[in-house]
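> Only the shape, not the letters, is given here:
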């Protein structure tokens, strides 16, 4: 058992200025300067706040990708830039450094961000649709063989490079979800810029192979359980692990066995609100350090938290 300090948590919230026709050239220039300035600020923040890179050089891959993002900021969409930020954070080597858009960012986009109306999960025998938005239920149970012009296995391999992770298993777990967002699909070559739909190759439950287009829909801004019970018609009773998929934890007595089944699914505030700053601000020495900092025009706020000491086996 070796004592060590856990890695920093960087949650980056993005917000862009509203646009006007008469201000487009100036706004475009402000947007470009904002992204480039934020990338500089982020690199400095990593070197100042991250437990490892306060005393060690920032990874060369971080510098390289940051330079690439600065070069493409003038032509890449904001959602593509967010995907690039996520890829940048993966170079820090842990699952707790990530980038996510804020409500303000979403409000100031020209249109609400899109997502696939399908929820994907990678099983041992392939990539499957396990849940959908209303109206797309016929997709449940289909095995996806192609995502746009890319084979499903290759799409998963490519998008894994955008998943912040501590190990390979987190990438396997999270990668299917990342395939549901146009910014990532564009970044890995599955769709082009401003695509409104994507062709998906699939095998139906009866074994037939087909290709069909699926239109992107406005993103549902709601928390989702890690897994859900089978949505297939006639599916058997779900196992205990999926009976209360949306609960953080639950338990029940097992009749006749003198035992209790307890399931702890995830750590999350019951209300879904982040209260890390409130919880740790008054107890920094014992539990850690929490700080909020202002970014400039594009990324509005960074909330950074890490435990001061922990034991890692």
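Happy to help now that I have it. Since we're looking at a predicted model, the values are computed, not measured.

> ok, residue 113 - contacts?
Residue 113 sits next to 79, 101, 106, 181, 182, 218, 219 when contact means C-beta atoms under 8 Å, 6 or more residues apart in numbering. In short, each C-beta sits where N, CA and C put it, glycine included.

> Swap in 7 Å and give it another go.
Contact analysis of residue 113 by C-beta atoms under 7 Å, 6 or more residues apart in numbering lists 79, 106, 219.

> same question, residue 95
Here residue 95 is in contact with 164, 165, 166, 170 (C-beta under 7 Å, 6+ apart).

> Going by neighbour count, which of the contacts of residue 113 comes out on top?
When neighbours are counted by other C-beta atoms under 10 Å, residue 79 leads these with 22 neighbours.

> That one: helix or strand, and which one exactly?
For residue 79, the host element (DSSP states H and E) is helix 78-90.

> Nearest the geometric middle of this structure, what residue?
The residue lying closest to the centre of the chain (C-alpha atoms, centre = their mean) is residue 178, at 6.3 Å.

> Which pLDDT value goes with it?
Looking at residue 178, its pLDDT reads 95.

> And residue 126, by the same measure?
Reported pLDDT for residue 126: 95.

> can you check the one 3 residues further on too?
Residue 129 carries a pLDDT value of 95.

> number of nearby residues for it?
Neighbourhood size, residue 129 [other C-beta under 10 Å]: 25.

> Quick check: it vs residue 225, distance?
Between residue 129 and residue 225 the computed distance is 16 Å (C-beta to C-beta, to the nearest Å).

> burial count for the closest residue to residue 186 other than its chain neighbours?
Of all residues not flanking residue 186 in the chain, residue 80 sits nearest, at 5.5 Å (C-beta to C-beta, 6 or more residues apart in numbering). By the criterion of other C-beta under 10 Å, residue 80 has 19 neighbours.

> Repeat that for residue 215.
12.

> ok, so what distance separates residue 248 from residue 226?
Separation of residue 248 from residue 226 (C-beta to C-beta): 11 Å.

> Which residues are in contact with each of these two?
Counting by C-beta under 7 Å, 6+ apart, the common neighbours of residue 248 and residue 226 are 265, 266.

> in which helix or strand would I find residue 122?
Take DSSP H and E as the rule and residue 122 turns out to sit in strand 118-123.

> Direction included, what does that strand pair up with?
Strand 118-123 has the following strand partners under DSSP bridges: strand 126-132 (antiparallel).

> Can you name the next helix or strand after the partner strand?
strand 143-147.

> hang on, the earlier thing: I would like a PyMOL command selecting only the buried ones among the contacts of residue 95, please.
Filtering these down to the buried ones (16 or more other C-beta atoms under 10 Å) takes a single PyMOL command:
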select buried, resi 164+165
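
> Just the ones of the contacts of residue 95 in helices?
Mapping the contacts of residue 95 onto helices (DSSP state H) picks out residue 170.

> Take the contacts of residue 95 and lay them out in CSV including distance to residue 258 and pLDDT.
Shown next, in CSV, are the contacts of residue 95 (distance: C-beta to C-beta, whole Å; pLDDT from 0 to 100):
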residue, distance to residue 258, pLDDT
164, 43, 90
165, 40, 87
166, 37, 84
170, 36, 87
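
> Okay, and which of the contacts of residue 95 map to strands?
In strands, judged by DSSP state E, none of the contacts of residue 95 are found.

> how about the contacts of residue 95 in CSV, adding distance to residue 61?
Output for the contacts of residue 95, formatted as CSV (distance: C-beta to C-beta, whole Å):
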residue, distance to residue 61
164, 13
165, 14
166, 17
170, 18
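
> From the contacts of residue 95, pick the one nearest residue 142.
Closest to residue 142 out of the contacts of residue 95 is residue 170 (25.4 Å), distances taken as C-beta to C-beta.

> Appreciated, that's everything.
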